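Participant: Based on what follows, work out the 3D shape:
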Amino acid sequence: MRELVLDASVILKWFRSEGEPRADSAHGLRAAFEAGDLVVLAPPLLLLEIVNVAARRWRLEEQPLLELASALQELGLELIEPELTAVARWAARGLTAYDATYVAVAEASSTTLVSDDQLVLSTAPGLTVALDRWEPTS
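Facilitator: Prediction:
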């Protein structure tokens, strides 16, 4: 079984893919996750980021937002709180503290972060792979 860190730029596409680039790649990751072939690691911040986007950008009303929150909690992601010093190190390299949490989780877990965020990919090239370059067997 494979472990990967997935950030909000990927997981968001699991819930709304209309008009989203590389949604097919994100759905491939979700299929592997749902088949039990992939363990998804992420910081707890992921859940807050998704709820925030759903409320602000997607403008979900209360009931759909509550349903999304429940679905997120039931996904079965392995949530890992990164060391604050690791987050600070990556933030000092130019990432937001939020994005740095995903890189810090990947680093601490000795695994790869799959992202669709170009700044994350360019700042942590040794720990990340672009969503459109992810391969199920890699």
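
Participant: And the pLDDT at Ser138?
Facilitator: Per-residue pLDDT puts Ser138 at 47.

Participant: try Ala71
Facilitator: According to the prediction, Ala71 has pLDDT 95.

Participant: What separation do you get for it and Trp134?
Facilitator: 23 Å (C-beta to C-beta, to the nearest Å). From N, CA and C alone the C-beta is placed, and that goes for glycine too.

Participant: If you count surrounding residues, which of the two has more?
Facilitator: Set side by side, Ala71 and Trp134 show more neighbours around Trp134, with 21 against 12, by other C-beta atoms under 10 Å.

Participant: SS state for the closest residue to that one other than its chain neighbours?
Facilitator: Using C-beta to C-beta, 6 or more residues apart in numbering and skipping the chain neighbours, the partner closest in space to Trp134 is Val114 (5.1 Å). What DSSP: H, G, I helix; E, B strand; the rest coil gives for Val114 is strand.

Participant: What of Ser122?
Facilitator: helix.

Participant: that older thread, I'd like to know how many residues surround the residue nearest to Trp134.
Facilitator: Val114: 26 neighbours (other C-beta under 10 Å).

Participant: ditto for the one 5 residues further on
Facilitator: Per other C-beta under 10 Å, the neighbour tally for Leu119 reads 12.
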